[in-house]
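> Quick check, what structure comes out for this input:
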Amino acid sequence: MNRVLLRLPLIALGIGLVAVFATACGSGSDEAPAGAKTLSFKLTDQGCDPAEAKVPAGPVSFEVENAGTSKVTEFEVLDGTEILGEKENLSSGFSADFTLTLEEGTYTLYCPGGENERGTLTVTAN
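Numbering: from 1, shown residues only. Got it, this is the predicted structure:
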């Protein structure tokens, strides 16, 4: 069999892996609007750190960093069972960010795989 034909699947796999890791890094395509509040979280074996957060209603930028855990590689903001925003595949040492515009209310922070998977985000009136 031709060596070129054998190498093509390996090249395609390599390109796919590079794309996955680039996505996990958070390329900054989710730019926060002016005036957005920033909340920073770390993924740990315990789950989301901090597990409780409070912010005024409006645009919120979520900065998420994997602080060295292999148990938790995902961060989600939920309204009931609906995922409003998330970052997945955050291996140890990777970070990412995303922005949501949130109304007053209580939301769930979800870090699956942690000892305490769920936390609370309280959004207050402006």
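
> contacting residues for residue 93?
When contacts are counted by C-beta atoms under 8 Å, 6 or more residues apart in numbering, residue 93 touches 66, 68. (Each C-beta comes from the backbone N, C-alpha and C, glycine too.)

> Helix, strand, or coil at it?
Following DSSP: H, G, I helix; E, B strand; the rest coil, residue 93 is assigned to coil.

> pLDDT score for it?
For residue 93, the pLDDT comes out at 92.

> how near is it to residue 43?
The gap separating residue 93 from residue 43 is 11 Å, by C-beta to C-beta, to the nearest Å.

> Which neighbours do these two have in common?
Overlap of the contact sets of residue 93 and residue 43 (by C-beta under 8 Å, 6+ apart) consists of residue 66.

> Closest to the mean position in this structure, which residue would that be?
residue 87 (2.5 Å; C-alpha atoms, centre = their mean).

> which residue sits closest to residue 48 in space, ignoring its chain neighbours?
Using C-beta to C-beta, 6 or more residues apart in numbering and skipping residues adjacent in sequence, the residue nearest residue 48 is residue 111, 4.1 Å away.

> need the strands for the protein, in chain order.
37-44, 47-49, 52-56, 58-66, 75-79, 82-87, 95-102, 105-110, 118-124 (DSSP state E).

> could you give the angle of the fourth one to strand 75-79?
Per axes from the mean of the first three to the mean of the last three C-alpha atoms, to 10 degrees, the angle that strand 58-66 makes with strand 75-79 is 150 degrees.
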